[in-house]
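1. Predicted model and sequence follow; I will ask about them next.
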Amino acid sequence: MTSPLKQATLYNEHDMNKVIFSAITHGQPFQIRGGFDALGFRHTSFGDLMDPLIMVDHYTMTKPTFGAHPHAGLSAVSLLFEDSIGKFHNRDSLGNDFDLLPGDLYWLNAGNGVVHDESPRENARIHGLQVFVNLPKALKMSAPQSSLVRSEQMPVITGPGYRVRLAVGESNGIKGALIPSNYLTILDGKLLGDSTFSHQTKENEQSWIYAVAGNIDIVIGEKVVSLKQGQSIAAKTMTQAISIMTKASEDAHFVLFSGPAIKETFIQRGPFVMSTEQELDNVQRDYELGKLGTLRY
């Protein structure tokens, strides 16, 4: 899925005791064809601190919107929140044809190119995130691969006032059902009034944190950043714990992405992300010639 969202302005970062934060960024609202409402976040709003993420859309989708579309040079990740209603029909040119259910995650490593489509079944209301994760240059022309993680396969980390789903990766000594090749961790968490959840980062990891619902405080070392609903922030940490908390009588829903940065330049052209304009031209031509495959109908 892609959107016509314009690039936002660059952030101003500052060093906070070996923690580099981006500015607090509010998602830009957009709608497509009356069936897709979203808040969009783009890497250009966070300098290089969102790396390896390229974009995140927090969306609600109620009817088919995009149709069959290509991807190349990135991983397209769909994370459905548990409050989604109904089934989300997923198809791609790898031969996959199945329904995502509330809470599921689908990781589509597009590599050198795939064709993909996701659409709500009748009467469905899909609530979740669509995420573009960059691939390093060495893997952009690799063969496509995919992984499906059902909600019931995701470990759930619980404690006083919190419940956090480990969608992929590792946290608090627990490994998820899927450890991506780039070691990205994705956490989908709920906090119930005056509670705190902590995730330990590794050396030179970067993290992107988003307040899906409610307000949260993010504590890294001695620094505290407050996010309101619909706001996000990116940070580079030095093997420090990220604590996410709420105040008394307030509930919140957050997501946290954390992993090593790729630190390579790239060029994005809609659903394609490559290292050079020539590579973009090549994959565009391959798509037009049908070399990225087709969907089963």
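-> Structure received.
2. Check which helices and strands the helix or strand harbouring Ser258 sits against.
-> Secondary structure from DSSP states H and E places Ser258 in strand 251-260. Counting contacts by 3 or more Cβ pairs under 8 Å, 6 or more residues apart in numbering; DSSP states H and E, strand 251-260 packs against strand 185-192, strand 203-213, strand 241-245. (C-beta placed from N, C-alpha, C; glycine too.)
3. so what's Leu256 closest to, chain neighbours aside?
-> The shortest distance from Leu256 to any non-neighbouring residue, by Cβ to Cβ, 6 or more residues apart in numbering, is to Leu187 (4.4 Å).
4. Point out where the protein drops to low pLDDT.
-> Low-confidence regions of the chain, defined here as pLDDT under 70, cover residues 1-17, 297.
5. ok, back up a step: ok, the strand holding Ser258: who's next to it in the sheet?
-> Strand 251-260 pairs in its sheet with strand 185-192 (antiparallel), strand 203-213 (antiparallel), by DSSP bridges.
6. Now do the longest one: everything it contacts.
-> For strand 203-213, the external contacting residues (Cβ atoms under 8 Å, 6 or more residues apart in numbering) are 41, 46, 49-53, 56, 58, 81, 201, 216, 218, 227-239, 242, 244, 251-261.
7. same deal with the first one?
-> Outside of strand 185-192, the residues within contact range by Cβ under 8 Å, 6+ apart are 77, 79, 81, 105, 161-171, 176, 197, 199, 214, 216, 244-246, 251-259.
8. Of the residues you listed, keep whichever come out buried.
-> 77, 79, 81, 105, 161-162, 164-171, 176, 197, 199, 214, 216, 244-246, 252-259 (16 or more other Cβ atoms under 10 Å).
9. What residues of stretch 184-192 count as buried?
-> Using 16+ other Cβ under 10 Å as the test for burial, stretch 184-192 gives Leu184, Thr185, Ile186, Leu187, Asp188, Gly189, Lys190, Leu191.
10. Of those, which pair is most distant in space?
-> Leu184 and Leu191 (22.1 Å; Cβ to Cβ).
11. Ile242 and Lys223 touch, don't they?
-> No. Between Ile242 and Lys223 there is no contact under Cβ atoms under 8 Å: 10.8 Å.
12. So if I had to pick from those two, which one is more boxed in?
-> The neighbour count for Ile242 versus Lys223, taken as other Cβ atoms under 10 Å, is higher for Ile242 (22 against 13).
13. Does the most centrally placed residue in the chain lie in a helix or a strand, and which?
-> Nearest to the mean C-alpha position of the chain, by Cα atoms, centre = their mean, lies Val131 at 3.6 Å. Val131 belongs to strand 126-134 when elements are defined using DSSP H and E.
14. What residues sit buried inside the very next helix or strand once past that strand?
-> Sequence-wise, the next helix or strand downstream of strand 126-134 (DSSP H and E) is strand 145-149. Neighbour-count burial for strand 145-149, with 16+ other Cβ under 10 Å as criterion, is recorded at Ser146, Leu148, Val149.
15. Can you list the helices and strands that strand 145-149 packs against?
-> By 3+ Cβ pairs under 8 Å, 6+ apart, strand 145-149 packs against strand 105-109.
16. Please give the centre-to-centre distance between the helix or strand harbouring Phe30 and its chain.
-> Element membership for Phe30, per DSSP H and E: strand 28-32. Centre-to-centre, strand 28-32 and its host chain are 17 Å apart (Cα atoms, centre = their mean, to the nearest Å).
17. Return the list of strands paired to it, each annotated with direction.
-> Using DSSP bridges, the strands paired with strand 28-32 are strand 36-42 (antiparallel).
18. next helix or strand past the strand it pairs with?
-> strand 53-61.
19. Neighbouring strands - and their directions - for that following strand?
-> Applying DSSP bridges, strand 53-61 is found paired with strand 36-42 (antiparallel), strand 126-134 (antiparallel).
20. Give me the buried positions along it.
-> Buried residues in strand 53-61, counted by 16+ other Cβ under 10 Å: Leu53, Ile54, Met55, Val56, Asp57, His58, Tyr59, Met61.
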